[in-house]
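S.K.: Okay, sequence plus prediction incoming.
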Amino acid sequence: MNTAQQNEKTGVRKVTDKGEIRTDDLEVTYNSDAGQTVALSKTSLTIHPGEFVCVLGPSGCGKSTLLNVIAGFVQATEGRALLDGNAIEQPGADRSMVFQQHSLLPWKTVRANIGLGPKFVGDIEASSTVNHFLKMVGLQKYENHYPDQLSGGMQQRVGIARALATFPRVLLMDEPFAALDYQTRLMMQENLLSLWEEFGTTVVFVTHDVDEAIFLSDRILLMSASPGRIVKDIANPLPRPRTQMISSEAKFLEIKRDCMKIIRAEALSTF
């Protein structure tokens, strides 16, 4: 189980393990009746402990495949993926995933859904852990509700709380806010940053939304059209903490222009 330390002032247990991700010449090829499809091609990257990195690129470029390799759901065809120097060969409690759809168990309450992870990893204080995360995502009043009684934004808050409740070294997020309305998405982005700043977990966040990537990230990894590879690694110097007002600043708009130029070129290359 991942180690965590108690913050005496806030009561928050912050992750203390490293959470460094590295891929070396990573390739993923899928076989089908139609032949071979190369999803990822010679992808090398390093994500440092505690970084918030967004992966951005045109549809079908392999963003989700990269995330699934780091999660341990998909095996590399060539090359390797490492977490803190150890080969990633299968899923583990040191990594948690939040999907586009909330993936909550419909027959379990909010409390029971959040409590799944802590119980699986043997958290002897599972009940207090759940209480803590219910408070952090503002769902104490809904702890006995079922997923179908919640709004989309509330469902995703439960999913994020469930993912963080095992205190993972790495949080993997595959377009988790894509199905939400615009205003809810903005609020969820700010809520996510608050949680990340509390825990210091390494975050890899896949998105199609350029504004979202700039608002959230320390770095943006831009991927090519299929077969996917990283064509640009953009450092994001915008100061933290951030609010949505930052989207009108000159540096934000400059980064957005750079991203859009690359994405447009990659998308046009497929026609």
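M.R.: Perfect, I can see it now.
S.K.: Show me which residues of stretch 118-130 are buried.
M.R.: By neighbour count on 16 or more other Cβ atoms under 10 Å, the buried set for stretch 118-130 is 118, 121, 123, 126, 129-130. Any C-beta I mention is one placed from the backbone N, CA and C, and that applies to glycine too.
S.K.: I'd like these as CSV, with pLDDT appended.
M.R.: What follows is the buried residues of stretch 118-130, written out as CSV (pLDDT from 0 to 100):
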residue, pLDDT
P118, 85
V121, 78
D123, 74
A126, 82
T129, 88
V130, 91
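S.K.: Widest-spaced pair of those?
M.R.: Greatest spatial distance in the buried residues of stretch 118-130: V121 and V130, 13.0 Å, computed using Cβ to Cβ.
S.K.: surely F205 meets E51?
M.R.: No: contact criterion Cβ atoms under 8 Å: F205 and E51 do not qualify, at 10.7 Å.
S.K.: higher neighbour count, the two?
M.R.: Neighbour totals were compared for F205 and E51, and F205 leads with 26 against 18 (other Cβ atoms under 10 Å).
S.K.: Now do the helices in this structure.
M.R.: Using DSSP state H, the helices of the chain run over 63-71, 110-120, 126-136, 152-164, 182-199, 210-216, 250-268.
S.K.: Those helices into a markdown table, with extra columns for distance to L26?
M.R.: Shown next, in a markdown table, are those (distance: least, Cβ to Cβ, whole Å):
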| stretch | distance to L26 |
| --- | --- |
| helix 63-71 | 7 |
| helix 110-120 | 27 |
| helix 126-136 | 33 |
| helix 152-164 | 23 |
| helix 182-199 | 25 |
| helix 210-216 | 21 |
| helix 250-268 | 19 |
